[in-house]
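Enquirer: when you get a sec, could you give me coordinates for this:
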Amino acid sequence: MSLVFFLLSLSLSLSLSSSSASPYPYAGLSYHIDCGGPTDSVDPFNTAWLSDRFFTGGATSVVSEPLQFRHPQEKTLRYFPLSAGKKNCYIIPNLPSGRYYIRTFTVYDNYDGKSHSPSFDVSVEGTFVFSWRSPWPEDLARTGAYSDLFAFVSDSEADVCFYSIATDPPVIGSLQLIRVDPASYNAVSIGQNYILVNYGRFTCGSDQFGPGFSNDTDLFGRSWQNDKDVRSTDDDSPVGSLSTRNTIANTDQSPNYFPMKLYQTATLVGGKGVLVYELQLDAKLDYLLWFHFAEIDSSVTKSGQRVFDILINGKNVNRIDIFKEVGTFAAYSWSYTVKNLSSTLLSVKLQSVAGAALISGLESYALVPADVATVPEQVVAMRALKDSLRIPDRMGWNGDPCAPTNWDAWEGVTCHLNKNETALVISGIDLGSQGLKGFISDQISLLSNLASLNLSSNSLGGTLPSGLGQKSLNKLDLSDNQFSGSIPQSLATSNLQLVLMNNNLLEGQVPEELYSIGVHGGSIDLYGNKGLCGVPSLPDCPLFWENGGLSKKGKIAIAVSCVFVFCLLLLVLYIICIRRRRNDYDFGLPQDLMSLAAKRNRYQRQKSLMLLEMESQHAKALTPFTPR
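Expert: Next up, the predicted model:
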């Protein structure tokens, strides 16, 4: 997009502010970030500015002439040198889904003393929106410029990213984000797949106004620039202005909440003259134009007194009679979409039919189609890999891995559209010889379209995740690292044609299906892993051992042995129980009775011996004496 946008969109001296006490129903969430600012602050319009945060890299600096800037947030900046990578972002987290007003202040002011304004691009939510090309116009380089847009956020975080052109460091002075009505600016009919980039927001008949440089409020935080630089007449008719302090009806109402101040002034051309606005645009895009009117001349009391036609690039697109539409002192807005532009100059004419043509405000927005983004689950996977692989800042792994599509993807990453062409997917990762020292995250299993993975010649360790073997994977190079553990069986079920795992610390049995890649015309190299076994050129695996643990056969053998021992124990217990049951019928005498019986037996034996001895003596006494 042309840098002319910045020159026309808003005066270089204005700044945005949004009162924290605003009654606007969607203003509960807003951020005002002082890029490069070291502390929180409050500006003269009571807007609370946050110290610099939510950035992915870069460094801070101060403009070379701080006194020429009105507000503290304009005096500091953040820049992103090439050492921080070609792509850096501000990523604002924890946002509810909805539409947001996003505004940046961009300034150079020779902060680095090189007198070379940088070239870089800016994207919002993965869609390219702004372009800065060196050299900037002198006044622009010195005082900076504001730019703003409306975009939908649906993934809970807003990404504002900067892409370096050549070796130039992108710069930003401040970043603001305000939640607005999701139905604003014809969102229902246009849809959510467009970003509305401001190419001019003009107030007619008054000086610039809005939050940040006047006490007039705009619930969206919009700033309104005076129209004098873009208006003219096609004859010598004088251009005049009207103003009123009367209350204007129909203002500050949903969904657009246009401020009353906008309708209290107007520009008009005398007599039958034609009022002309010439807007610098980009011929490649469609544009949404908003016209604002209010009949603030009390002498107009009926319809037909002020009637005029609106011509866009010579085509009569509408006839306006403000009184007929809303009466007096009431706001009336009308929008029109311009398509198929053949020139960068858009002509808007208000041609009188009755009375003088009159207008209170004019807005011009480029309808920028939202670029396709990476599949959310693959963004999760890539961010996990960024952490686990310890990707250095210089590689610029920030924001969406693949979007915008007119930028290069993350360094070393290849993307393509999915089958339905509704999203981007990761098809290749090439990070060989990058000095990486981490490990492969389990989240790599979410990269279901990954066809090629090269992590060779780094210092990566840990075990290989089971989710590494996607069906889509056909090239895998993990050589010259420090991976340990076994080769996951999932690799054997993939469609690999090239497998390089040489010079690691892998161990265990190599899956036969994986080794067969070489037999079927592919290539496999497992050299330099002393612990691998089980296929030709490698030693045999120990009995019942594979992949660093027990094999299936070993587990079966142990299971059978356990069952046998268990059965044997049951048999022993059974035999013991049977024997005890038999002894239950062999009644024995009590111990005391057995002792008494034993004593009685001893007594009877002694008594018997005594009787025998007495009988023997008695017999001797009764025997007759026989002399010899």
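
Enquirer: surely Val317 is within a strand?
Expert: Yes - the assignment for Val317 by DSSP: H, G, I helix; E, B strand; the rest coil puts it in a strand.

Enquirer: at which residues are the strands of the stretch 101-250 of the chain located?
Expert: Secondary structure of the stretch 101-250 of the chain (DSSP state E, counting those that start in this stretch): strands located at 120-124, 127-132, 145-153, 158-164, 171-172, 174-180, 194-203, 225-226, 231-233, 239-243.

Enquirer: those: which one's closest to Ala331?
Expert: Of all these, strand 194-203 sits nearest to Ala331, with 13.2 Å by C-beta to C-beta. For the C-beta atoms, the positions are set from N, CA and C on the backbone; glycine is no exception.

Enquirer: where exactly do the helices run in the stretch 301-450 of the chain?
Expert: 322-326, 376-388 (DSSP state H, counting those that start in this stretch).

Enquirer: may I have stretch 317-325 as CSV, with CA atoms only?
Expert: Only the C-alpha atoms of stretch 317-325 are listed here, as CSV (Å, rounded to 0.1, in the frame of the first residue of the first chain):
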residue,chain,number,x,y,z
VAL,A,317,-24.6,7.3,-7.3
ASN,A,318,-27.2,9.0,-5.1
ARG,A,319,-29.4,12.1,-4.6
ILE,A,320,-29.4,13.5,-1.1
ASP,A,321,-32.2,15.6,0.6
ILE,A,322,-31.2,15.7,4.3
PHE,A,323,-34.4,17.3,5.5
LYS,A,324,-36.4,14.7,3.8
GLU,A,325,-34.4,11.9,5.4
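
Enquirer: give the buried residues for it.
Expert: Residues of stretch 317-325 classed as buried: Ile320, Asp321, Ile322, Phe323, Lys324 (neighbour count, 16 or more other C-beta atoms under 10 Å).

Enquirer: over to stretch 462-479?
Expert: Applying a neighbour-count criterion of 16+ other C-beta under 10 Å, one finds 464-465, 467-470, 473-479 buried in stretch 462-479.

Enquirer: what does stretch 38-51 give?
Expert: Ser41, Asp43, Phe45, Thr47, Trp49, Leu50.

Enquirer: identify the farthest-apart pair in those.
Expert: Across the buried residues of stretch 38-51 (C-beta to C-beta), the longest gap, 15.7 Å, separates Phe45 and Leu50.

Enquirer: not counting its neighbours along the chain, what's nearest Asn110?
Expert: Nearest non-adjacent residue to Asn110, counting by C-beta to C-beta, 6 or more residues apart in numbering: Ser64, 4.7 Å away.

Enquirer: host element of that neighbour?
Expert: Here Ser64, judged by DSSP states H and E, is contained in no helix and no strand.

Enquirer: burial of it, as a residue count?
Expert: 13 (other C-beta atoms under 10 Å).

Enquirer: so what's it up against?
Expert: Asp109, Asn110, Tyr111, Gly113 (C-beta atoms under 8 Å, 6 or more residues apart in numbering).

Enquirer: among those residues, who's most crowded?
Expert: Greatest neighbour count in those, by other C-beta under 10 Å, goes to Asp109: 23 neighbours.

Enquirer: could I get the full set of strands for the stretch 451-600 of the chain?
Expert: Along the stretch 451-600 of the chain, the stretches classed as strands by DSSP E, counting those that start in this stretch are 452-454, 461-463, 475-477, 482-485, 498-500, 505-509, 523-525, 531-533, 545-546, 549-550.
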